[in-house]
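# I would like the atomic coordinates for the input below:
(chains A and B)
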Protein chains: 2
Amino acid sequence: MSAPGTTPGTARPGGRTARTAVAVFAATIGELASRSYDDISIESIAARAGVHKTTIYRRWRTKAELVSQAVTDAARSLIPVPDTGSVEADLRGLSRSVMATLSSPEGNATTRSLLAGATASAQIRQLMQQFWTARLTATAAIVERAVGRGELPAGTDPAPVLQAMAAPLYYRLLVTGDQLTQRDADLSAAAAAAAARAGVFAGQPGMV
Amino acid sequence: MSAPGTTPGTARPGGRTARTAVAVFAATIGELASRSYDDISIESIAARAGVHKTTIYRRWRTKAELVSQAVTDAARSLIPVPDTGSVEADLRGLSRSVMATLSSPEGNATTRSLLAGATASAQIRQLMQQFWTARLTATAAIVERAVGRGELPAGTDPAPVLQAMAAPLYYRLLVTGDQLTQRDADLSAAAAAAAARAGVFAGQPGMV
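Numbers count the residues shown, from 1 in each chain, chains lettered A, B, ... in the order given. Here you go, the predicted model:
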């Protein structure tokens, strides 16, 4: 997936700079998965990545900046955007990917750690919003292509469709604490598609 | 609203025991809204409520038990279950109540504090699941009445309908950090109703 905001210095895949970024991002995610946001530092990330802390400081000025880029990078590589020719299948594929990420021990721990960080820090909140905006830009194509094919009403707003698909998964993970299953993923994808088809997200408030 | 699991000792409204429970629950919510779950104690709640800590220990053995009952009590009194005769209007009314609670400074802080507590403590996670089960029991009536009126397909499962309504509000609050508006509440209610109407939650996977 190509998306805006590629990390400076990672443009040459396979180069030393790119390899360092991969190691530092992996160490950042590892740190996030193993303790709270407050308890990690550029120093602890450097130690885990096996690089000197000045190597990190040269490219990322703050912990918040590094964490934001590492998470954005992880989300981009872990969660591909399907293009099957059917909005239902696309949403179902995306929903299952989100579920798989949230269900993995590392994805679960990282999500919780990061959201706790967002509660404590306005800077992390702002970076998280940038992350979600970038994520939405990439996944909106699912809805836009469906409108183009005539599967969804003209004027369907991608953001609430994608939120209707993803939100029940985060809700189960973070609020009710229930286990996530593939059935949950398929159900929230089907519900988002049905509501979009009914025109709920196209400024056609037939339900209101 | 009458719901199972009423706190022992609060059966006589207006009595001294009931007044103590009201004061202790209010102090518990106040504590949750002002600092983290880990940082509050039976002692700090007693001090805020203006009662002796033994008064609390006589009725609630642990902080987790008291917090669980205080939150359940708050949710019951703050969020009434509408019965308008229309599933869309009922879901919209409930959705707006959830939105108003989550948007208030106290509701927002309490929700975040409690979910952070749930991350840290298996006991709080278990109590939160009891809370959500009780909450679902109360609100399922909206869906059951709609099935009875023929508004929704027979066999519609209440839980995913209510989750489809509530989840996008929690998602915006906890994950993307966006402001919650009445339009968000109305949109998630309309989407849940449309998906339910289409049979998505009735084991009629027409979308899959």
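
# Now do the helices in chain A.
For chain A, helices defined by DSSP state H occupy the ranges A:16-34, A:42-49, A:53-59, A:63-78, A:87-103, A:105-120, A:122-148, A:158-171, A:182-197.

# Summarise which helices and strands the helix or strand of chain A with the lowest mean pLDDT is packed against.
Using mean pLDDT, DSSP states H and E, helix A:105-120 stands out as the lowest-scoring helix or strand of chain A, at a mean of 75. On a contact count with 3 or more C-beta pairs under 8 Å, 6 or more residues apart in numbering or on different chains; DSSP states H and E, helix A:105-120 meets helix A:16-34, helix A:63-78, helix A:87-103, helix A:122-148, helix B:105-120. The way it works is simple: take the backbone N, C-alpha and C, and place the C-beta from them, glycine included.

# Any residue of stretch A:91-101 touching chain B?
Yes: using C-beta under 8 Å from any C-beta of the partner chain, stretch A:91-101 reaches chain B at A:R92.

# separation between the most centrally placed residue in chain A and A:L94?
The residue lying closest to the centre of chain A (C-alpha atoms, centre = their mean) is A:A75, at 4.4 Å. Using C-beta to C-beta, to the nearest Å, we find A:A75 at a distance of 12 Å from A:L94.

# now swap in A:D186 and tell me
11 Å.

# who are the neighbours in contact with A:S121?
A:37, A:64 (C-beta atoms under 8 Å, 6 or more residues apart in numbering or on different chains).

# And it, how far from A:S68?
Distance from A:S121 to A:S68, by C-beta to C-beta: 11 Å.

# Same question for A:T17.
From A:T17 to A:S68 the distance is 19 Å (C-beta to C-beta).

# okay, the two: which has more neighbours?
A:S68 (22 against 15; other C-beta atoms under 10 Å in any protein chain shown).

# wait, isn't the more buried one in contact with A:F131?
Yes: assessed by C-beta atoms under 8 Å, A:S68 is found in contact with A:F131 at 6.3 Å.

# pLDDT below threshold where in chain A?
Applying pLDDT under 70 to chain A picks out residues A:1-14, A:78, A:117, A:119-120, A:123, A:127, A:204-208.

# and with 90 instead?
A:1-19, A:29-40, A:64-65, A:67-80, A:101-138, A:172-179, A:203-208 (pLDDT under 90).

# And the residue lying closest to A:W132 once chain neighbours are set aside, how close does it get to A:L115?
Take A:W132 and drop its neighbours on the chain: the residue closest to it by C-beta to C-beta, 6 or more residues apart in numbering or on different chains is B:T176, 4.7 Å away. Between B:T176 and A:L115 the computed distance is 10 Å (C-beta to C-beta).
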